[in-house]
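**Student:** Got a predicted structure plus its sequence, pasted below:
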Amino acid sequence: MANNHSDLPILYSLRNCPYAMRARIAIFKAKQTVLLRDLVLSNKPPEMIAVSPKGTVPVIVLPNENNRVIEESLDVMLWALHETDPNNLLLRERESALTEMLALIHTFDHEFKTAIEAYKCAKRYKETNVVECRQACEGFIQTLEQRLTNSAFLMGPKESLADIALLPFIRQFARIERQWYLQSPYPKVRQWLNSYLQSPMFTKVMAKYPLWLDNHEVVLFGGGEKS
């Protein structure tokens, strides 16, 4: 059976990793088909380490491109959407849209991610600076609330790369202090996030699959399902 799929891209993924999550969302939205190899960090496939020694997910291997390896989640997203973009998530009609989206994503990938890690640690270890750490994150959330007050999505009336790239990290933020978040002054962010979390797309992207190392089962992911 595997031979029938030997030309498909291979995606090494970890179900709950936000970086792997957004890669899967982009692949799903792009209606690409990949061979999904789910793993756990404590037991990484040697095949993955051989092509990507840094050992983080997602990693995608492209057999049709001389086994080219893509190791960063945003690069995986861009690969998928440059291949096919049926929902126009790259907003191709707007000349500067991609530059603007990449700048926003960069800010969240670096500054917000640092702030959210500090917030998570403060909450987990019951440190005294939980509120200060949360407030450091809130500046970024306020930026999104303002954008979503003006339009349904982060870049305007249409869904874009920016929405699906930031989604897993806003989900992470929302889970740290759940009760506080539900009462926080960010109704538009909550509405935006909920619309994703309750969608059939998210259910499919977050489906639990057998770990690849257990039996090397062929798992096809994506492939033109309707969201």
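**Tutor:** Received it, and whenever you're ready, just let me know what you need.
**Student:** For the helix or strand containing Ile27, which helices and strands make contact with it?
**Tutor:** For Ile27, the element it lies in under DSSP states H and E is helix 18-29. Packing partners of helix 18-29 (3 or more CB pairs under 8 Å, 6 or more residues apart in numbering; DSSP states H and E): strand 10-13, helix 73-83, helix 161-176, helix 200-205, strand 220-222. Quick note: C-beta positions are derived from backbone N, CA and C, even for glycine.
**Student:** counting contacts, what elements does the longest helix anywhere in the chain pack onto?
**Tutor:** Using DSSP state H, we find that the single longest helix of the chain is helix 130-150. Secondary-structure packing of helix 130-150 (3+ CB pairs under 8 Å, 6+ apart): helix 113-124, helix 161-176, helix 187-197.
**Student:** Need the winner for burial among those.
**Tutor:** helix 161-176 (a mean of 21; mean count of other CB atoms under 10 Å).
**Student:** Using a markdown table, lay out the helices and strands packed on helix 18-29 together with mean pLDDT.
**Tutor:** Output for the helices and strands packed on helix 18-29, formatted as a markdown table (pLDDT from 0 to 100):
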| stretch | mean pLDDT |
| --- | --- |
| strand 10-13 | 98 |
| helix 73-83 | 98 |
| helix 161-176 | 98 |
| helix 200-205 | 96 |
| strand 220-222 | 96 |
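**Student:** Val61: which of these is closest?
**Tutor:** strand 10-13 (4.4 Å; CB to CB).
**Student:** one step back: angle of the helix holding Ile27 against helix 187-197?
**Tutor:** 70 degrees (axes from the mean of the first three to the mean of the last three CA atoms, to 10 degrees).
**Student:** Can you give the distance of helix 18-29 from its chain's centre?
**Tutor:** How far helix 18-29 lies from its chain's middle: 4 Å, per CA atoms, centre = their mean, to the nearest Å.
**Student:** same thing with stretch 83-91?
**Tutor:** 16 Å.
**Student:** Contacts for it next, please.
**Tutor:** Stretch 83-91 has contacts (CB atoms under 8 Å, 6 or more residues apart in numbering) with 26, 29-32, 81-82, 92, 97-98, 101, 155-156, 158-161, 163-164.
**Student:** Now the terminal residues of it, how far apart.
**Tutor:** 14 Å (CA to CA, to the nearest Å).
**Student:** what comes up buried for it?
**Tutor:** Of all the residues in stretch 83-91, those buried under the rule 16 or more other CB atoms under 10 Å are Asp85, Leu89, Leu90, Leu91.
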